[in-house]
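>>> Compute the structure for the input listed below.
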Amino acid sequence: MMLGDNIRKYRELSGYSQSELAGLLGIKKQTLYKYEHNIVKNIPLDCIEQIGLVLDIDPAVLTGWNRSPEDRYKLFSEKLAQLDEEDRARIAERIDMLLEQEKYNEG
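Presented below is the predicted three-dimensional model:
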């Protein structure tokens, strides 16, 4: 997902319209539209931080630098689904091997 897609996703999850969020950010609705549709690629960092603050989301999650656990799980699932049955079995075996490590069996 690109930054603009994430801005739109979290804006919608927060229940804001484009007009409302643009107003809170002190930018034009058209500017927010351009951000959300990835027309503007170089969104100023201070604006990304402000969007994160207003939407209560870490700017690193917005930018994709730090995906949310749900996004990481979805991405992993999508990649796993692309593998054939033999390779999925190999991945499952590797996961089982990792889970046998002492650090996962403490407690």
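
>>> Confidence-wise, which helix or strand of this structure is lowest on average?
Lowest on mean pLDDT, DSSP states H and E among the helices and strands of the chain sits helix 69-82, with a mean of 85.

>>> Which SSE is immediately downstream of that helix?
helix 85-99 (DSSP states H and E).

>>> Check the average confidence over that following helix, would you?
Mean pLDDT, helix 85-99: 93.

>>> Distance from it to the middle of the chain?
Centroid separation between helix 85-99 and its chain, computed with CA atoms, centre = their mean, to the nearest Å, is 26 Å.

>>> quick one, domains of the protein?
When the chain is parsed with automatic domain parsing, its domains come out as 3-63, 69-104.

>>> can you list these in a markdown table and add mean neighbour count?
Heads up, the C-betas are built off the backbone N, CA and C, glycines and all. As requested, the domains of the chain are exported to a markdown table (neighbours: other CB atoms under 10 Å):
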| stretch | mean neighbour count |
| --- | --- |
| domain 3-63 | 16 |
| domain 69-104 | 10 |
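
>>> quick one on the thing from earlier: what's the angle between the least confident helix or strand of the chain and helix 85-99?
If you take axes from the mean of the first three to the mean of the last three CA atoms, to 10 degrees, helix 69-82 sits at 140 degrees to helix 85-99.

>>> For helix 69-82, what is the distance to the chain centroid?
In terms of CA atoms, centre = their mean, the gap separating the centre of helix 69-82 from the centre of its chain is 12 Å.

>>> Can I get the helix or strand harbouring residue 53 as CSV, trimmed to CA atoms?
In this assignment (DSSP H and E), residue 53 forms part of helix 45-55. The C-alpha coordinates for helix 45-55 follow below in CSV (Å, rounded to 0.1, in the frame of the first residue of the first chain):
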residue,chain,number,x,y,z
LEU,A,45,7.1,15.1,6.7
ASP,A,46,5.5,17.6,9.0
CYS,A,47,2.2,17.1,7.2
ILE,A,48,2.6,13.3,7.6
GLU,A,49,3.2,13.8,11.3
GLN,A,50,0.1,16.1,11.6
ILE,A,51,-2.0,13.5,9.7
GLY,A,52,-0.8,10.8,12.1
LEU,A,53,-1.6,13.0,15.1
VAL,A,54,-5.1,13.9,13.9
LEU,A,55,-5.9,10.3,12.9
